[in-house]
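*Asks:* sequence-free structure coming up:
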């Protein structure tokens, strides 16, 4: 019996140590407590003829009220190094009640190979822990 | 008696000084990456310039106007950016950010040898005038004639301010950032855009 328990403990401790990092999703909603208000419906990307990368993210305001969405795009080169640009500053767009909103972004240069987009509702969000 | 009055005066002044110092807002550095908590101001501040520059750059790059059809880079000159507001603004607060972003795009290079008020960097021209033929300088290292590249594109713009009275205690200030990119060869505007920043606040707030 002792052996079984010991084996289980060892096995569990190994499972606990397995922290294999999952690849980051392309689009992340960063304020988790209000993520139920926003849903990402579509992500499109393409390389334009002039070499710039273009992306369109379609989100949806699931609530009955208007709010603004803030987003920031981090552009990465082919080696996954970030590209320093003014275009990564947080930007706001309107999200109308029960309507989709569109985020259109173009890369800062032609060396951009991929991107990560972070978005949240504008302003300070106070989580209601009971409802979440 | 006189001594007592003097002492009283000194202690009063000291008390006032201490109280005043205690009430003064503490000076602190702004975290420019997360400055949302600070209330907006009626005038234009760095957040407005950053936002306008970002939107203009995004629009400019997305338009494709800075991409030469056969590859290579356009040469850009910064023309007049008119400050038509009541504020003392150095328009470089806006233009420099756009210039840096365009340079980093790899599609545009900016000339500082030409400008609306003469060369932006006068040294480029002065070294030619002063050093050409100067016997103290190795003439092979002096910039030769006909080496400067003339601009293909010109970036111009205007910042407009409009004040509107909402009611007896509220005013609205509208700022219009307008920019154009002109093909110097044809005189045609390849790109134009406008960004509006509106602020509403107390009549007591000064917008200059």
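*Replies:* Noted; the coordinates are in hand. Nothing here was measured: the structure is a model prediction, and the numbers come from that model.
*Asks:* helices of chain B, residue ranges please.
*Replies:* B:2-23, B:46-63, B:92-105, B:122-131 (DSSP state H).
*Asks:* go on, chain A?
*Replies:* Going by DSSP H, chain A shows helices at A:2-17.
*Asks:* which residue does it have closest to chain B?
*Replies:* residue A:50 (3.5 Å; Cβ to the nearest Cβ). Just so you know, the C-beta spots here come from the backbone N, C-alpha and C atoms, and that holds for glycine as well.
*Asks:* contact partners for the residue nearest in space to the middle of chain B?
*Replies:* Centroid check for chain B by Cα atoms, centre = their mean gives residue B:93 as the closest residue, at 1.5 Å. By Cβ atoms under 8 Å, 6 or more residues apart in numbering or on different chains, the contact set of residue B:93 is B:46, B:49.
*Asks:* hmm, 7 Å instead?
*Replies:* residue B:49 (Cβ atoms under 7 Å, 6 or more residues apart in numbering or on different chains).
*Asks:* so, low pLDDT: which residues of the chain?
*Replies:* No chain was given, so I picked chain A. A:1-21, A:23, A:34-35, A:124-132 (pLDDT under 70).
*Asks:* wrong chain, I was asking about chain B
*Replies:* For chain B, residues meeting the criterion pLDDT under 70 lie at B:1-11, B:13-23, B:37, B:206-208.
*Asks:* grab the nearest non-local neighbour of residue B:124.
*Replies:* Among residues not flanking residue B:124 along the chain, residue B:113 sits closest, at 4.7 Å (Cβ to Cβ, 6 or more residues apart in numbering or on different chains).
*Asks:* for that neighbour, grab phi and psi.
*Replies:* phi -90, psi -10 (degrees, to the nearest 10).
*Asks:* my guess is it contacts residue B:126. True?
*Replies:* No - applying Cβ atoms under 7 Å as the test, residue B:113 and residue B:126 come out as separate, 10.8 Å apart.
*Asks:* which of the two has more neighbours?
*Replies:* Set side by side, residue B:113 and residue B:126 show more neighbours around residue B:113, with 19 against 11, by other Cβ atoms under 10 Å in any protein chain shown.
*Asks:* so how far is chain A from the more buried one?
*Replies:* 24 Å (Cβ to the nearest Cβ, to the nearest Å).
*Asks:* ok, now which ones touch that residue?
*Replies:* B:119, B:121, B:124-125, B:148.
*Asks:* report the two of the residues you listed separated the most.
*Replies:* B:121 and B:148 (11.8 Å; Cβ to Cβ).
*Asks:* who's more crowded, these two?
*Replies:* Comparing residue B:121 with residue B:148 by other Cβ under 10 Å, the one with more neighbours is residue B:148, at 15 against 11.
*Asks:* roughly how far does the residue nearest to that one when sequence neighbours are not counted sit from residue B:150?
*Replies:* Of all residues not flanking residue B:148 in the chain, residue B:113 sits nearest, at 5.4 Å (Cβ to Cβ, 6+ apart). Distance of residue B:113 to residue B:150, computed by Cβ to Cβ, to the nearest Å: 9 Å.
*Asks:* what touches both of those two?
*Replies:* With contacts defined as Cβ under 7 Å, 6+ apart, no residue is shared by residue B:113 and residue B:150.
*Asks:* surely residue A:111 is in contact with residue A:75?
*Replies:* No - in this structure, residue A:111 is not within contact of residue A:75 by Cβ under 7 Å, at 8.8 Å.
*Asks:* and for the residue in chain B that chain A sits nearest to, the neighbour number?
*Replies:* Proximity of chain B to chain A (Cβ to the nearest Cβ) peaks at residue B:67, 3.5 Å away. Number of residues near residue B:67 (other Cβ under 10 Å) recorded here: 20.
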